[in-house]
Each structure stands twice: as C-alpha cells, then as structure tokens.
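In: I'd like to go over a predicted model; first the sequence, then the structure.
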Amino acid sequence: MSRVGKLPINLPEKVSVSVEKSLVRVEGPKGKLEKRFNAPVAIKVDGIEVTVNQLDKSRFAQAMQGTARSIIANMIHGVTE
C-alpha cells in the first residue's frame, strides 16, 4: 500500500468535499474545483477527514491511491489559499 495514500486528509473549517461515484467536488472560500477519478480507488469523506482506499491489490491501484490522495489534498489547498 502506498505510504502517501494511507494518510488521511484533514479538512479545514470552511471547506466541504462531496463524492458522487467517481466525481470529487471541493468547495471553499476561494472557489470550487471538481475532478473525476477513473481509477481503482474508493474516496470517502468522514466528517473532517478524507480517505482514499484501494479497490484491489494491483500495482496500478497502489500508484493511483497515492496520486488521488495528492490531487485531492492539492484541490483542498487550492480553494483555501
């Protein structure tokens, strides 16, 4: 499992994240962003954390877990700063 992908993403107070199937929407004080992930990952929002999990144990799923987590973290950073 990816070391980066294991880490949860903490949400700042004024940021909301919604997940509909493979579409992730991030809204914050500086704007709105959305991205579709067509990868073998499951994205879950649990209160103040976002987690990205693999759907299978392939090498591609490992790589995409870390990539998706980094992209979502950057989206959150983008709508706040």
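Out: That came in fine, so what should we check first?

In: contacting residues for the closest residue to Ser18 other than its chain neighbours?
Out: Closest residue to Ser18 apart from its sequence neighbours, by Cβ to Cβ, 6 or more residues apart in numbering: Arg25 at 4.8 Å. All C-beta spots, glycine's among them, are computed from the backbone N, C-alpha and C. Contact partners of Arg25, counting by Cβ atoms under 8 Å, 6 or more residues apart in numbering, are Val17, Ser18, Val19, Lys32, Leu33, Glu34.

In: how close does Arg25 get to Gly31?
Out: Separation of Arg25 from Gly31 (Cβ to Cβ, to the nearest Å) stands at 11 Å.

In: and the pLDDT at Lys6?
Out: You'll see Lys6 listed with a pLDDT of 89.

In: need the three-state assignment for Val79.
Out: Classification of Val79 by DSSP: H, G, I helix; E, B strand; the rest coil places it in helix.

In: what's near enough to touch it?
Out: With contacts defined as Cβ under 8 Å, 6+ apart, Val79 is in contact with Val15, Val26, Glu27, Gly28, Pro29, Lys30, Gly31, Lys32, Leu33.
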